[in-house]
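Asker: need a structure here:
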Amino acid sequence: MPAVSKGDGMRGLAVFISDIRNCKSKEAEVKRINKELANIRSKFKGDKALDGYSKKKYVCKLLFIFLLGHDIDFGHMEAVNLLSSNKYTEKQIGYLFISVLVNSNSDLIRLINNAIKNDLSSRNPTFMNLSLHCIANVGSREMAEAFAAEIPHILVAGDTMDSVKQSAALCLLRLNRTSPDLVPMGEWTSRVVHLLNDQHLGVVTAATSLIATLAQKNPDEFKTSVSLAVARLSRIVTSASTDLQDYTYYFVPAPWLSVKLLRLLQCYPPPEDAAIRGRLTECLETILNKAQEPPKSKKIQHSNSKNAVLFEAISLIIHHDSEPTLLVRACNQLGQFLQHRETNLRYLALESMCTLASSEFSHEAVKTHIETVINALKTERDVSVRQRAVDLLYAMCDRSNAQQIVAEMLNYLENADYSIREEIVLKVAILAEKYAVDYTWYVDTILNLIRIAGDYVSEEVWYRVIQIVINRDDVQGYAAKTVFEALQAPACHENLLKVGGYILGEFGNLIAGDPRSSPLIQFNLLHSKFHLCSVPTRALLLSTYIKFINLFPEIKPTIQDVLRSDSQMKNADVELQQRAVEYLRLSCIASTDILATVLEEMPPFPERESSILAKLKKKKGPGKLPDIEEIRKEKNANINGGTEPVNASTNAKASPPPSSDLLGLGGSSTQNAAPPASTGGSLLVDVFSENNSTTPPGSVRPRRGRELLQVCLQNLGRMYVFFGNKTSTQFLNFSSAVLNVHTKPADPTVEGGAQLQQILNIECVTDFMEAPVLNIQFRYGGTLQNIAVKLPITLNKFFQPTEMTSQDFFQRWKQLSTPQQEVQKIFKAKHSMDTEVTKAKIIGFGVALLDQVDPNPTNYVGAGVIHTKTTQVGCLLRLEPNTQAQMYRLTLRTSRDTVSQRLCELLSDQF
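Answerer: Next up, the predicted model:
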């Protein structure tokens with residue numbers, strides 16, 4: 001960049017700044033500024049033309065006045081005129097003024113764009129840098145429309161100087177953030193990847209920032225960057241600090257570039273090429289090794305830059321989740337940070353270990369630090385670090401340590417910050433339910449939870465404990481006795497009274513034989529707290545009273561007297577009054593048999609997703625909560641016979657790997673196979689058409705819609721949904737949506753005979769049972785039309801085939817031996833039992849077909865991994881055909897019982 005000569009010092013500007021600083025009051029400053037503004041205005045409007053130096057000086061004064069907080073409403077044109085100067089300092093001040101003061105909607109944008117265009121075409125590197133900086137600083141949509149197509153060519157041109165390449169890459173990054181739809185993907189994308197091999201590390205750093213951002217949106221366009229990123233990272237981490245002197249920061253070589261490269265690699269799965277994968281593993285091992293070395297400097301900048309690279313490397317290790325050794329080493333390294341004196345390091349270590357706990361390989365290693373985490377929960381001063389400690393305890397919990405962790409969380413709850421109490425309550429309730437070997441412990445835990453933090457126990461928590469008690473015969477008597485004893489406390493929380501009222505109303509007869517808990521004592525105990533309750537709780541207690549009349553006829557007169565009292569029959573609340581009147585009338589006129597029928601014991605509740613878990617996920621937000629159901633090494637089923645979370649499993653945040661047959665439109669063929677010949681080379685499927693021959697086996701067939709609308713799907717690594725108006729009449733208020741999938745809204749108007757397209761990127765968040773439903777709504781001829789279409793997305797479409805030896809297969813088969821993990825089905829063959837067709841169907845299902853593994857050569861065995869957003873679920877299958885009986889026996893073992901059940905249903909339908 002050219003040096004500024006002494007003649008460019010602008011003495012008048014220096015004097016003006018000095019005058020402002022010497023002002024004794026705000027009024028004096030305003031007076032001096034107004035005087036100067038009047039002088040500048042007169043100079044700009046004067047008949048005498050100003051030279052470039054004077055314009056520059058006055059524009060600088062205006063810029064300084066603006067930075068002091070005063071409005072500037074003139075001088076913009078003079079700043080634009082400076083852009084045409086051939087002097088660097090004048091052009092620089094012009095661009096600076098425009099970057100700071102010119103609004104993106106200004107009428108001068110067109111003139112500014114013309115000046116920028118001239119500078120970009122001048123091939124003067126200094127002028128090109130100034131213009132690129134201005135584009136990035138303003139970042140308006142008009143500038144993006146004008147230059148988004150030109151800047152990529154400057155970036156990849158062979159004769160562009162390094163400094164200009166840096167500016168072009170960062171400018172393009174800025175435009176992609178402000179107007180992503182205007183940045184074109186073209187042939188330049190393959191050329192920009194090669195900038196990772198550039199000799200100038202500044203260019204590599206800027207290019208990596210750009211590629212990492214673009215790869216998140218279009219991973220296929222930049223997948224070749226993986227090998228180059230690994231090669232560059234390898235050269236950096238193996239170099240000495242003296243090799244990269246200009247980019248070494250406190251003895252750490254190129255830390256910013258290393259972090260960016262590691263983040264770029266997190267956009268992709270582990271490299272398939274063994275050489276690249278091995279080189280990347282070496283890089284990560286080297287980073288972990290360097291973390292163990294003594295520091296080369298005591299300054300905080302050295303440790304910060306060193307740890308920044310380390311934590312990003314650990315994030316990549318967790319993202320790949322494929323190297324057990326690296327995962328365990330990363331866990332041990334993070335464990336050392338748990339007792340570090342720096343609060344930020346302790347926070348980051350706890351946060352990263354929460355994610356590590358979701359890996360099957362590192363979960364046991366994380367559990368070894370349980371005492372340290374519990375100690376942090378007790379002694380940590382920073383509430384945010386304590387919250388991360390709670391998250392980590394929740395993530396590392398399993399059957400072996402559940403009681404210890406729940407007890408520690410309950411102890412902490414008594415003194416916990418109010419901001420996180422509700423979250424802790426939800427987590428304790430979930431863990432107590434999920435890992436309750438003895439349900440008496442579960443009941444004690446929930447009642448203790450209500451006692452300690454009753455105000456933070458939501459309805460979902462006490463609803464859930466009632467559901468479980470009703471569904472479990474073996475715990476009903478204990479629950480009734482426990483709540484009865486808890487209610488005898490002088491002061492008990494209203495939530496405890498709700499639980500006690502409901503449980504005693506259903507199962508009070510189980511403890512009525514004890515004189516200490518006779519029917520009359522139970523009633524008097526509940527009724528003694530009646531006047532202290534809110535209206536909803538009183539309504540529940542009235543229902544308990546009528547239940548008591550059925551359970552204990554001997555106290556019927558006492559209860560009828562209560563219902564007949566003025567406080568009930570003339571209650572100001574309509575709900576309470578109506579209940580009292582109706583319950584009293586029912587108890588008077590109904591016979592014993594009728595009363596027993598009307599007030600019989602509640603039937604077991606149907607099992608569904610735990611409302612507590614759903615509430616916790618909602619509170620934490622998507623992607624923030626490690627799903628403890630998915631982070632278990634053994635991942636046993638919920639012994640409560642209770643709710644396995646089945647979350648909506650589609651998301652538009654990321655595209656799947658290009659190798660995965662996401663929608664299964666390839667039918668039973670392999671993942672990379674071409675479409676069937678019957679489609680005529682087209683991947684379009686009319687999902688409403690009845691003679692649709694391309695619907696693959698196992699895909700979800702939508703119901704036939706109205707004859708007004710045609711919906712087609714196209715599988716190109718994403719789902720393309722085409723809506724065609726089959727009529728000549730316009731569709732109004734057109735909308736389409738899929739639950740938990742964020743898509744760009746479709747055009748609300750569809751002309752007659754026209755077609756529009758909508759793109760859905762699908763990601764599996766967790767295992768799911770039902771296919772997502774596309775809800776379409778539009779107005780036709782004044783009538784609102786609603787169409788629901790099940791999308792052909794099933795759980796097996798997220799399989800990754802896994803090759804295994806015979807020894808590994810049967811070793812893993814034995815590990816998945818609990819009854820909940822295995823599903824077996826014997827069924828009649830629906831189609832011909834042809835060997836090749838059967839193999840093709842198994843491969844098309846998504847698993848790897850393993851040859852020479854089963855001792856019986858006629859049997860088929862396969863292995864695969866279901867990839868979800870937060871974890872992986874391993875799956876082994878065995879199919880035994882009996883050709884004589886035309887029968888199959890299908891056995892599936894996975895680490896989650898819901899997955900086993902669903903995959904068994906899907907696969908058995910194929911045969």
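Asker: Val59 touches Tyr95, doesn't it?
Answerer: No. The criterion here is Cβ atoms under 8 Å, and Val59 misses it with Tyr95 at 10.8 Å. For every residue, glycine as well, the C-beta is placed using N, CA and C.
Asker: residue ranges with poor pLDDT in the stretch 751-900 of the chain?
Answerer: Within the stretch 751-900 of the chain, the set of residues satisfying pLDDT under 70 comprises 781-782.
Asker: swap the cut-off to 80 and go again
Answerer: By pLDDT under 80, the low-scoring segments of the stretch 751-900 of the chain are 752-770, 780-784, 792, 796, 817, 819-820, 869-871, 897.
Asker: Would you map the helices across it?
Answerer: Remark: helices assigned in the stretch 751-900 of the chain by DSSP state H, counting those that start in this stretch are 806-815, 835-845, 897-908.
Asker: which residue sits closest to Ala829, ignoring its sequence neighbours?
Answerer: Of all residues not flanking Ala829 in the chain, Gln886 sits nearest, at 4.8 Å (Cβ to Cβ, 6 or more residues apart in numbering).
Asker: What's the local residue count around the one you found?
Answerer: By other Cβ atoms under 10 Å, 12 other residues sit near Gln886.
Asker: was I right about it contacting Phe827?
Answerer: No. At 10.3 Å, Gln886 and Phe827 do not qualify as touching, with contact defined as Cβ under 8 Å.
Asker: overlap in contacts of those two?
Answerer: Common neighbours of Gln886 and Phe827 (criterion: Cβ atoms under 8 Å, 6 or more residues apart in numbering): none identified.
Asker: quick one: contacts of the one helix or strand Phe523 maps to?
Answerer: Phe523 is located in helix 519-527, with elements delineated by DSSP states H and E. Outside helix 519-527, the residues that touch it by Cβ under 8 Å, 6+ apart are 484, 487-488, 497, 500-501, 504, 508, 511-512, 541, 544-545, 548, 551-552, 554-555, 558-559, 562.
Asker: How much space separates the residue nearest to Ala829 from Gly844?
Answerer: Note on Gln886: its distance to Gly844, by Cβ to Cβ, to the nearest Å, is 22 Å.
Asker: same check, this time on Glu78
Answerer: Glu78 sits 70 Å away from Gly844, taking Cβ to Cβ as the criterion.
Asker: How far away from the center of its chain is whatever helix or strand Leu497 lives in?
Answerer: Per DSSP H and E, Leu497 falls inside helix 494-507. Put simply, helix 494-507 sits 38 Å off its chain's centre (Cα atoms, centre = their mean, to the nearest Å).
Asker: tell me which residues in the top strand by length along the chain are buried?
Answerer: Selection of the longest strand in the chain by residue count, based on DSSP state E, yields strand 872-882. Along strand 872-882, these residues count as buried under the neighbour rule (16 or more other Cβ atoms under 10 Å): 872-881.
Asker: What is the most widely separated pair among these?
Answerer: Spanning the widest gap among the buried residues of strand 872-882 are Gln872 and Pro881, at 29.3 Å by Cβ to Cβ.
Asker: quick one: the helices in the stretch 401-550 of the chain?
Answerer: Using DSSP H, counting those that start in this stretch, the helices found in the stretch 401-550 of the chain span residues 402-413, 418-434, 439-453, 459-471, 473-487, 494-507, 519-527, 535-551.
Asker: before we move on, the earlier item: tell me the helices and strands packed up against the longest strand of the chain.
Answerer: helix 806-815, helix 835-845, strand 860-867, strand 887-894, helix 897-908 (3 or more Cβ pairs under 8 Å, 6 or more residues apart in numbering; DSSP states H and E).
Asker: of all these, which lies closest to Asn114?
Answerer: Proximity to Asn114 (Cβ to Cβ) singles out strand 860-867 among the helices and strands packed on strand 872-882, at 51.1 Å.
Asker: For that closest one, what is the distance to the chain centroid?
Answerer: 25 Å.
Asker: I would like the residues contacting it, please.
Answerer: Residues from elsewhere that reach strand 860-867, judged by Cβ under 8 Å, 6+ apart: 764, 767, 795-796, 798-804, 809, 812, 838-839, 842, 845-850, 853-854, 872-879, 881, 894, 899.
Asker: Report the strands that pair with it, each with its relative direction.
Answerer: Paired with strand 860-867 in the same sheet, following DSSP bridges, are strand 799-801 (antiparallel), strand 848-850 (antiparallel), strand 872-882 (antiparallel).
Asker: do you know which of those strands lies nearest Leu426?
Answerer: When the strands paired with strand 860-867 are ranked by distance to Leu426, counting by Cβ to Cβ, first place goes to strand 872-882 at 24.1 Å.
Asker: then that closest one to PDB, C-alphas only?
Answerer: Coordinates of the C-alpha atoms in strand 872-882 are reproduced here as PDB (Å, rounded to 0.1, in the frame of the first residue of the first chain):
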ATOM      1  CA  GLN A 872     -25.700 -43.500  15.700                       C
ATOM      2  CA  VAL A 873     -27.700 -46.700  16.200                       C
ATOM      3  CA  GLY A 874     -26.000 -50.000  15.200                       C
ATOM      4  CA  CYS A 875     -28.200 -52.700  13.600                       C
ATOM      5  CA  LEU A 876     -27.600 -56.400  12.900                       C
ATOM      6  CA  LEU A 877     -30.100 -58.600  11.000                       C
ATOM      7  CA  ARG A 878     -30.400 -62.200  10.100                       C
ATOM      8  CA  LEU A 879     -32.900 -63.600   7.600                       C
ATOM      9  CA  GLU A 880     -33.500 -67.400   7.600                       C
ATOM     10  CA  PRO A 881     -35.600 -68.600   4.600                       C
ATOM     11  CA  ASN A 882     -37.500 -71.900   4.600                       C
END
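Asker: what sits against the residue nearest to Ala829?
Answerer: By Cβ under 8 Å, 6+ apart, the contact list for Gln886 reads 828-829, 833.
Asker: just Arg123 next, same as before
Answerer: By Cβ under 8 Å, 6+ apart, the residues touching Arg123 are Asp159.
Asker: The nearest residue to Gly862 once chain neighbours are set aside and Leu563: what is the separation?
Answerer: Ranked by Cβ to Cβ, 6+ apart and with sequence neighbours excluded, the top spatial neighbour of Gly862 is Val847, at 3.6 Å. Relative to Leu563, Val847 is positioned 63 Å away (Cβ to Cβ).
Asker: which of those two has more neighbours?
Answerer: Neighbours of Val847 and Leu563, each counted by other Cβ under 10 Å, are more numerous for Val847; the result is 25 against 22.
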